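In: This is a predicted model, with the sequence first.
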Amino acid sequence: MKRHRAGTVPALLVALGALMAGSQAAVAATASAPPAPGTGSATVTVTASSVVEALDRGAQPLRTVEPGGDTRDLRPLDRMIGDARVVGLGEATHSSHDFFALKDRVFRHLVEEKGFRTFALEASWSTGLRLNEYVLHGEGDPRRIMRDEFQRDYLWWNNTDYLRLVEWMRAYNVRHPGDPVRFMGDDLAWSGPELYDDVGDYVARTHPESAARLDELYRGLRPTVATGPYIDQYVKKPLAQREEMAERTGEALRLLKRQAPGGDREAYDRAVQNATAIDRTARQYAFDFDDPAQEAASMRFRDEAMAANVLWWQKHTGTKVLLSAHNSHLGYETMDPAHYPKMQGAFLRDRLGAGYVSVGLTFDRGSFNATGKDGVIRRWTLGPAEPGSNEHTLDRVRHRDYLVDLRTVGAPADAWLRQARPTRSMGTGYPDGPYDVALARTHDVLVHLHQVEAAGLRDR
């Protein structure tokens, strides 16, 4: 989750997903294409109109963002993602209805047409497991689960669009019990009590001689309060205490890995993964966030861990995954290498190659929910994108909403798309951005929406 920056430990979860503001300098309406081989330093002046014409030729119109109905307009997306096992579908804000609705629509389409079976969200691992139990078996009330789990920095996911998606997934599984869809969370800010219970029950059942030691290592770590208060209490602990907690979770993980898997390899793998998730949460909080180098290391750790969770899930379930997160986490290039050395999308590309495809989203105007500098959540509205920005040119394409393959778009748009320029990218806080982004170096495919509206937040 992309969050605006804060430097103090009590505001740690704000810092975890922060992205520093990039250059906001305006870019001229013309672009210089890279020199052709053998031409030295000569450049070719490209007009904005010629870029738009090339984008027009490559753009595929999008009928709607709303799920349901005819999805023939999404067939070009099928060709663009090819045989990818993981597809990242981004968002330019963390709380616009149109982004969430489009993810719902695309996931339903990919389930029906491309065999996808997992929707992955930038939510904690244990949160995903709770929602997956509802999706697979009807256990629990999704409204209550979302209210319990999506607190503090995750409150943006407690919205009407994701509730509709989760309920559709459950209904799909009732109709297709032998070939179900699944829900997963890939993030690490919170490890719920279910993970501690699963690891403890597994060790007590298979290696009772180690149960007392595991209980000792996990003492005081299993949450006894709600998600938000638990995180608040955790991040206020002194660094030395957080480091000691991470040492204990690491020892618990090593204890489990030293045990023989026994006859139930699936249960063993699940217990090890849950213990890994617990350890990753502790380790994410064990960095010294007053040290810029440590803070950068923590950002890299988080993105690498999120990628690792997705890879584990994809391998162990054998399902194709649609991964939902902010554009910044799903892309290949970081907008701020000093603070965010490497993003989740880059880690996934390293492991999967062409088996991972990144789809970015942009918008020209509209509204979103975000927290102001005063700490109050409100709806923000932006007018048309400024001249010199990526969105200003993208919105001149003849289609109101469209998708385009950034890898195959023709000249001169191909060179234009590889140049960094101001791009809207809002996290949980506002004001935020714009950031300099080279779209074609960051994503494989782009969806551009003319206008977006703020999402409907539940329980607020």
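Out: Everything's here; your move.

In: burial of the closest residue to residue 445 other than its chain neighbours, as a residue count?
Out: Taking CB to CB, 6 or more residues apart in numbering, and ignoring the residues beside it in sequence, residue 445 has residue 359 as its nearest neighbour in space, at 4.4 Å. In this view, the C-beta of every residue, glycine as well, is placed from N, C-alpha and C. Counted with other CB atoms under 10 Å, the burial measure for residue 359 works out to 28 neighbours.

In: residues in contact with residue 359?
Out: With contact set as CB atoms under 8 Å, 6 or more residues apart in numbering, residue 359 has these partners: 77, 81, 87-90, 330, 403, 443-447.

In: How about it: which residues does it bridge to?
Out: With DSSP bridges as the criterion, the beta-bridge partners of residue 359 are residue 89, residue 445.

In: ok, now how distant is it from residue 209?
Out: Look at residue 359 and residue 209: by CB to CB, to the nearest Å, they are 49 Å apart.

In: just checking, residue 145 touches residue 132?
Out: No - the pair residue 145 / residue 132 is not scored as a contact, 10.3 Å apart, by CB atoms under 8 Å.

In: more neighbours, these two?
Out: Regarding residue 145 and residue 132, a neighbour count based on other CB under 10 Å identifies residue 132 as having more, with 22 against 19.

In: Check the gap between that one and residue 142 for me.
Out: Look at residue 132 and residue 142: by CB to CB, they are 11 Å apart.

In: where exactly do the strands run in this structure?
Out: Across the chain, reading from the start of the chain, the strands by DSSP state E fall at 31-33, 44-46, 60-61, 86-89, 116-124, 182-187, 320-324, 356-371, 377-382, 402-405, 421-423, 435-437, 445-452.

In: Can you say which of the ones you listed is packed in most?
Out: Scoring the strands of the chain by mean neighbour count under mean count of other CB atoms under 10 Å gives strand 86-89 as the most buried, with a mean of 28.

In: ok, and what's touching that strand?
Out: Under the contact criterion CB under 8 Å, 6+ apart, strand 86-89 has outside partners 81, 102-103, 106, 110, 116, 310, 314, 320-325, 330-331, 344-345, 348, 352, 355-359, 361.

In: Please name the residues that touch residue 206.
Out: In this structure, residue 206 makes contact with 259, 262, 264, 267, 268, judged by CB under 8 Å, 6+ apart.

In: ok so, going back, for the residue nearest to residue 445, report the pLDDT, please.
Out: Note on residue 359: pLDDT of 99.

In: How about the one 5 residues further on?
Out: Residue 364 is assigned 98 on the pLDDT scale.

In: ok, now how distant is the closest residue to residue 139 other than its chain neighbours from residue 205?
Out: Spatial nearest neighbour of residue 139, excluding adjacent residues (CB to CB, 6+ apart): residue 133 at 4.3 Å. Taken as CB to CB, the spacing of residue 133 relative to residue 205 amounts to 20 Å.

In: doesn't residue 271 make contact with residue 261?
Out: No - between residue 261 and residue 271 no contact is recorded; they are 9.6 Å apart, counting by CB under 8 Å.

In: For those two, indicate the residue with more neighbours.
Out: Between residue 261 and residue 271, residue 271 has the larger neighbour count (other CB under 10 Å), namely 24 against 14.

In: Please report the distance of residue 58 from residue 78.
Out: Plainly put, residue 58 is 16 Å away from residue 78 if you go by CB to CB.

In: same thing with residue 408?
Out: Where residue 78 is concerned, residue 408 sits at a distance of 15 Å (CB to CB).

In: number of nearby residues for the nearest residue in space to residue 406 that is not next to it in sequence?
Out: If the residues on either side of it in the chain are set aside, residue 406 comes closest to residue 440, at 4.3 Å by CB to CB, 6+ apart. Residue 440: 22 surrounding residues under other CB under 10 Å.

In: Please apply the same query to the one 3 residues further on.
Out: Neighbour count of residue 443, defined by other CB under 10 Å: 27.

In: Distance-wise, check it relative to residue 195.
Out: Here residue 443 is placed at a distance of 33 Å from residue 195 (CB to CB).

In: mind checking pLDDT for residue 335?
Out: At residue 335 the predicted local confidence, pLDDT, stands at 88.

In: Isn't it up against residue 436?
Out: Yes - at 6.6 Å, residue 335 counts as touching residue 436 under the criterion of CB under 8 Å.

In: Pull up the per-residue confidence for residue 391.
Out: Confidence per residue is given as pLDDT, and for residue 391 that number is 98.

In: oh, I was asking about residue 179
Out: On pLDDT, residue 179 comes in at 98.

In: For residue 152, see how far away it is.
Out: Relative to residue 152, residue 179 is positioned 36 Å away (CB to CB).
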